[in-house]
Every structure is written in structure tokens, then in C-alpha cells.
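J.: have a look at this prediction, sequence included:
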Amino acid sequence: MQKNDIRLIVMDMDGTLLNSKQKISEKNAQTLRKAAEQGIKLAICSGRAAADIALFVRENQLTDCAPLGVNGTNIWLDPTGTEIANHVINRETLEKTVRILWDANVLFTCFSRNNLAVLHDDEGTKDFIWVSHKGVDLHLYHGPDGLKKIWDVGVNKIIAIFPDEQSIEDTRKKLIDVGGLEISSSWKDNLELMPEGINKGTAVAELAAHLGLDASQVMTFGDFDNDLPMIEWAGWGTAMGNANEKVKKAAKLVTLTNDEDGVAWAVQKYALK
């Protein structure tokens, strides 16, 4: 593939933009800043809260990068918190889902914008501000009381951690029967649950539409199953060298690994003028 009119670059974080030390390398940061200087819009689409993504954006001087938080259910146009979309799980669906996970006795976390409620957590019931910056606080709550604090605000995503593959499959079947959920995974030991029809692909499509762009002008990067929708949607869907085989098979391009500055390599080769 040759260079094309790429106007939007969207990256997953863990295993993609971040290296194994959980850092954005200087080479990746420099390359992305150069892309921004050439008028290319940047975005990070992650399972993390948008405010958490914004911390990395600010630290690496990616000043106009859009955080697409909580697997693309909470979409910011920029790191200052300009929200353009927020999708939450239907209340009835949420109640049934929480009951299934509670009965399964697994650790699970409910995300509500920049609030997290952890259920079945051995750390106890202490609530606290996880991190705070530029007037945006990320609150971490524990237990059923913590869930009640975010219940009425709306839950964007639930992530559940399982002890083995059989537990995952048994629970997945029950959740499919509930309906109203988009079910994915960000690692082999978890399930990620979002509102039905909402995923990283729809988030990228929403942002692109907001910017007046189509799929042919969008480059995406990812490494695991929950990245598949945005890899498949974008005209320049790119799998990391460390991605699983399913993602590599779906991608139009395969770059180097996250520890080899794979994002920078592909951006330099295909997007920069």
C-alpha cells in the first residue's frame, strides 16, 4: 500500500501505543506530533476512562488528541473534556448483568465516565479519588454501595476477570441470553461488556463523521479482540506485530511490535507527507 490521504489516526493504548513499560516512547510521541503538525487528527481509543487517556495525551504533548474512553462509549473531541457522545448500558440489562456476575463470584468493575465501581474486591470498601487533573477527578468506589453511586449516572462498560476459560464461556452464554450487550475481550482472562451495537469501531466512525471524514481517510492500530471493529472499519486498519492472529488476519497492514515503535513505523511509512 502507498501513502494516501490519511486524516485521522486512532490508536489503542495497552499493547499498541504503550510499550511494555506502559509508556509512550519518544519516537512514537515525536512521530505523532509531526502528524498533528501536518493536519492529521489524532485519537486514542481505549478501555481506560477518557480522563485517564487524557493524562497520557498531556504528558506527551499530544495537545489535540481525542480520548475515546471506555472502549469508545465515552467520546471526547479533545483532552479538555469536550464530550461528543456518551453511550450507557440499558438499566434493565445492567441489573440482570450485575446479578449474573455477582452470582458467579468474579471480580468485576463498572465504568461510568470517569468513575469506577469495583465489585467483589479484596481491598475492602474504601472509596477515593484515583487521580485528578485539570478539574477532572477519576473516582474509584468499592462494593455495592459504590455501584449505587454511579448507577443513576449510567454505566458505560463492565469488565469482569475470570479464573479460567470455562468460567468465561459459561458466563458468556448467560450474558448472551440477557441481550442488549456488546461482548468482547481485551485479554484472554476477561469479558468486556458495552451497550449493544457500541464498540471501538462505532466510536471511530462517530468521530470520523464529526470531522467530516470517511473510512478511507482513517488509520487505526490495535492488538487484541476488542480492537477488531475499528481495525475492520478503517481503510487503513493496522495490526501491531504483537497482535493476536485474529487481529492480524483482519488488518490491511501489519506493523512492528509495541516495543519496536510500531505505531511510529507505520505512520511514517503510510501517513506522513
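T.: Okay, I see it.
J.: the domain parsing of the chain - what is it?
T.: Domain assignment for the chain by automatic domain parsing gives 8-85+199-270, 91-195.
J.: and residue 92, how many neighbours does it have?
T.: 11 (other CB atoms under 10 Å). Where you see a C-beta, it was placed from the backbone N, CA and C, and this is true even at glycine.
J.: ignore the last one, residue 30
T.: When neighbours are counted by other CB under 10 Å, residue 30 registers 14.
J.: what residues are up against it?
T.: Residue 30 makes contact with residue 264, according to CB atoms under 8 Å, 6 or more residues apart in numbering.
J.: ditto for residue 98
T.: By CB under 8 Å, 6+ apart, residue 98 lies in contact with 110, 119, 147, 158.
J.: measure it to residue 116 for me?
T.: Distance, residue 98 to residue 116, using CB to CB, to the nearest Å: 14 Å.
J.: ranking the domains of the chain by mean pLDDT, which is last?
T.: Looking at the domains of the chain, the lowest mean pLDDT belongs to domain 91-195 (a mean of 84).
J.: quick one: distance of that one to the chain centre.
T.: Centroid separation for domain 91-195 versus its chain: 15 Å, with CA atoms, centre = their mean, to the nearest Å.
J.: and the end-to-end length of it?
T.: Start-to-end span of domain 91-195 (CA to CA, to the nearest Å) is 10 Å.
J.: go on, stretch 223-237?
T.: The first-to-last residue distance of stretch 223-237 comes to 11 Å (CA to CA).
J.: cool, stretch 17-34 as well?
T.: Counting by CA to CA, you get 16 Å between the two ends of stretch 17-34.
J.: select only the buried ones of the contacts of residue 98 in PyMOL?
T.: To isolate the buried members of the contacts of residue 98 in PyMOL, using 16 or more other CB atoms under 10 Å:
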select buried, resi 110+119+147+158
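J.: just the ones of the contacts of residue 98 in helices?
T.: Judged by DSSP state H, helices contain the following of these: residue 147.
J.: chain neighbours aside, what residue packs nearest to the residue most central in space within the chain?
T.: Nearest residue to the geometric centre of the chain (CA atoms, centre = their mean): residue 46, 1.9 Å. Setting aside the residues directly before and after it, residue 46 is nearest to residue 13 in space (CB to CB, 6 or more residues apart in numbering), at 4.1 Å.
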